[in-house]
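In: With the input below, show me the fold.
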Amino acid sequence: MRGELLEFVRFHAVWALPLPLLVAALGAGSAVYLVRRWAPEASGSGIPHVKAVLSGLAALAWYRVLPVKFFGGVIGIGAGLALGREGPTIQMGAATGRMVSGWFSCTPRERRTLIAAGAGAGLAAAFNAPLSGLVFVLEEVQRDFSAGVFTVTLVASAVADVVTRLLLGQLPIFHVRTESIPPLNLLPVALLVGAVAGILGVAFNQCLLRTLDAFRRLPRQPVWLGGALAGLVVGGVALLAPDAVGGGHQLLERMLESQLGVWQLGLFFVLRFVLTMISYGCGAPGGIFAPLLVLGADLGLMIGEAARHAFPESSTHAQIFAVVGMAAYFSAITRAPLTGIVLMIEMTGNYSLVLPLLGACLTAYGIADFLRDRPIYEALLERDLLRTEKVSPDLGGTLLVDLKVSPGAPFEGRRIRDLGLPPGAIIILLRRGLTEQVPTADTRLEAGDLVSVVIAPEAASALPLLRKGVGLDAA
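Out: This is a model prediction of the structure:
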């Protein structure tokens, strides 16, 4: 629909040039209005909100999130915003899990398991990648490798993948074919891709947070103003470069099928980078998953083209660098390298890419971590919690939080009495290996310990202290 409108304007009706700008502004503004008016938690990708729900820090009103996320996402992405559908599908999947949990007599832990399984199914449906849905839940969303979470999420992701393939076909949204086995002498180029992806991934995270802050400084009324402004920018870009707007699927196919020069790839990278910032910053529902994969493919192709003089054989493996760039950029931004590797293997069906993927992803991860950059979903979650400062009404004002002590975390080696928890925050259970115990004030925490904490409403200040203490919110 958007493509037909642009073709009509460009080739048949010069007088209608403002029309794409108005349509994009109307669509983006309407998407933001739906979110702000009916379900503020449905803005953006929704993944930080799902993480907050699974941590017991927020409620999930599925009856609001499902319709707002669906229609808002369709309108906003359809208007051309540089956002992906995987954010909406993950949050809608989680909302579906919450809805299903209400049909049965579920414990809080079983409810969270169903929510996590729904999130994994949402990712599997978006990319036709069931294993990626499972790994994403275990590595990023839930971080719980218990048998229950593993089994339920795996089944949900597999079913979602089967249903999606029956309805939409066998190919995923981004299908990249790589027919050749990469030679080992391409590994240095893969490491270079990972290094650059690590640096630019940090830039992506910082720019995204600052863009969100900039949009928040806009006048609060009318609520659709930020979306309309973003739509005007997107509409203007669509007139000049139609492939650069939207989810980026057409742009990715064009980059892979044609021989674009380094400067052209660089121009598209900058353009897509800016559009992603504006599209996500305005608060419209949509994910950054697919846009950052497009940016990563662009980056990989750009470095591969630049390196072909030093490594002449690399010029015949452009698609390999695109795949490596996608996984590396994803790893740098989300700090979930295993998900990135598994996703690329599922998308290409080529396990032989595992070595360059491992090298690039670990390099990108290491550089982003060395620069002390926060994973984007962790940073967005903290930002949301600081902005709302609300206790989850799902638990009647009392939180039950499960946290795992990371190696090197401030709480490692310290006695519970020395943690500085306020009155009303009590560690009621400690799991260490295969054993469970009720800790005392003199119990020392070790790396790998899983602690269950009950927090009363008046002790809400314990939340950031606990998250920082176990290593989730490292400075």
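In: Touching stretch 100-120 from outside, list them.
Out: By Cβ atoms under 8 Å, 6 or more residues apart in numbering, the list of residues contacting stretch 100-120 from outside reads 47, 50, 53-54, 56, 60, 90-91, 93-98, 133-134, 136-137, 141-142, 144, 148-149, 152-153, 155-157, 395, 400. Quick note: C-beta positions are derived from backbone N, CA and C, even for glycine.
In: Buried only: go through the residues you listed for me.
Out: Using 16 or more other Cβ atoms under 10 Å as the burial test, those include 47, 50, 53-54, 56, 60, 90-91, 93-98, 133-134, 136-137, 141-142, 144, 149, 152-153, 156-157, 395, 400 as buried.
In: Helices - which of those residues land there?
Out: Taking DSSP state H, the ones among the buried ones among the contacts of stretch 100-120 that sit in helices are 47, 50, 53-54, 90-91, 93-98, 133-134, 136, 149, 152-153, 156-157.
In: can you give me the helices for the stretch 201-350 of the chain?
Out: Assigned by DSSP state H, counting those that start in this stretch, the helices in the stretch 201-350 of the chain fall at 225-240, 249-257, 262-281, 289-306, 318-334, 337-348.
In: in the longest one, what's buried?
Out: The reference is to helix 262-281. Result for helix 262-281 [16+ other Cβ under 10 Å]: buried residues 265-266, 268-269, 271-281.
In: Comparing the helices of the stretch 201-350 of the chain, which comes out most buried?
Out: Neighbour counts (mean count of other Cβ atoms under 10 Å) averaged over each of the helices of the stretch 201-350 of the chain peak at helix 318-334, with a mean of 30.
In: any low-confidence regions in the stretch 351-475 of the chain?
Out: Within the stretch 351-475 of the chain, the stretches with pLDDT under 70 are 386-399, 473-475.
In: now with 50?
Out: Within the stretch 351-475 of the chain, the set of residues satisfying pLDDT under 50 comprises 389-396, 475.
In: For this protein, which residue occupies the most central location?
Out: Nearest residue to the geometric centre of the chain (Cα atoms, centre = their mean): residue 289, 5.0 Å.
In: can you pull the contacts of that residue?
Out: Applying Cβ under 8 Å, 6+ apart, the residues contacting residue 289 are 45, 84, 86, 87, 123, 126, 330.
In: repeat that for 7 Å
Out: Listed by Cβ atoms under 7 Å, 6 or more residues apart in numbering, the contact partners of residue 289 are 84, 86, 87.
In: Could you give the number of residues near the residue nearest to the second one when sequence neighbours are not counted?
Out: Closest residue to residue 86 apart from its sequence neighbours, by Cβ to Cβ, 6 or more residues apart in numbering: residue 126 at 3.7 Å. Residue 126 is surrounded by 26 other residues when neighbours are defined as other Cβ atoms under 10 Å.
In: where's residue 126, which helix or strand?
Out: helix 108-127 (DSSP states H and E).
In: Residue 453 now?
Out: strand 450-455.
In: After that strand, heading C-terminal, what element do we hit next?
Out: Per DSSP H and E, strand 450-455 leads on to helix 462-469 as the next helix or strand towards the C-terminus.
In: which strands and helices sit next to that following helix?
Out: In terms of contacts (3 or more Cβ pairs under 7 Å, 6 or more residues apart in numbering; DSSP states H and E), helix 462-469 is packed against strand 450-455.
In: Give the other helices and strands that the strand it packs on contacts.
Out: Using 3+ Cβ pairs under 7 Å, 6+ apart, strand 450-455 sits against strand 399-404, strand 425-432, helix 462-469.
In: pull the CA atoms of it into CSV?
Out: This file holds the C-alpha atoms of strand 450-455, laid out as CSV (Å, rounded to 0.1, in the frame of the first residue of the first chain):
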residue,chain,number,x,y,z
LEU,A,450,19.4,-17.9,43.3
VAL,A,451,17.6,-15.9,46.0
SER,A,452,13.9,-15.3,46.4
VAL,A,453,13.1,-11.9,48.1
VAL,A,454,9.8,-10.7,49.4
ILE,A,455,9.5,-6.9,49.3
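In: Residues contacting it, please?
Out: Against strand 450-455 from outside (Cβ under 7 Å, 6+ apart): 398-404, 424-431, 462-463, 466.
In: and what of stretch 23-40?
Out: By Cβ under 7 Å, 6+ apart, the residues outside stretch 23-40 that reach it are 5, 42-43, 64-65, 68, 71-72, 75-76, 78-81, 223-224, 226-228, 230-232, 234-235, 238, 282-285.
In: repeat for stretch 459-475
Out: Applying Cβ under 7 Å, 6+ apart, the set of residues contacting stretch 459-475 is 57, 378, 382, 391, 401, 403-406, 408-411, 419-425, 453, 455.
In: What are the phi and psi values at residue 439?
Out: phi -70, psi 160 (degrees, to the nearest 10).
In: which ones are touching the residue nearest to it when sequence neighbours are not counted?
Out: Spatial nearest neighbour of residue 439, excluding adjacent residues (Cβ to Cβ, 6+ apart): residue 430 at 4.5 Å. For residue 430, the residues meeting the contact criterion (Cβ under 7 Å, 6+ apart) are 437, 439, 443, 449, 451.
In: ok, the residues you listed vs residue 207, which is closest?
Out: Of all these, residue 207 sits closest to residue 451, with 35.3 Å by Cβ to Cβ.
In: Look up the residues forming beta bridges with that closest one.
Out: residue 403, residue 430 (DSSP bridges).
In: Determine the number of other residues adjacent to it.
Out: A count of nearby residues for residue 451, using other Cβ under 10 Å, gives 23.
In: Same check on the one 4 residues further on?
Out: Counted by other Cβ under 10 Å, the residues lying close to residue 455 total 25.
In: For this structure, name the helix or strand with the lowest mean pLDDT.
Out: helix 2-11 (a mean of 58; mean pLDDT, DSSP states H and E).
In: quick one on the thing from earlier: list only buried entries from the contacts of stretch 459-475.
Out: 57, 378, 382, 391, 401, 403-406, 409-411, 419, 421, 425, 453, 455.
In: ok, back up a step: can I get the helices of the stretch 201-350 of the chain in CSV including distance to residue 198?
Out: Formatted as CSV, the helices of the stretch 201-350 of the chain follow (distance: least, Cβ to Cβ, whole Å):
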stretch, distance to residue 198
helix 225-240, 28
helix 249-257, 21
helix 262-281, 16
helix 289-306, 11
helix 318-334, 5
helix 337-348, 11
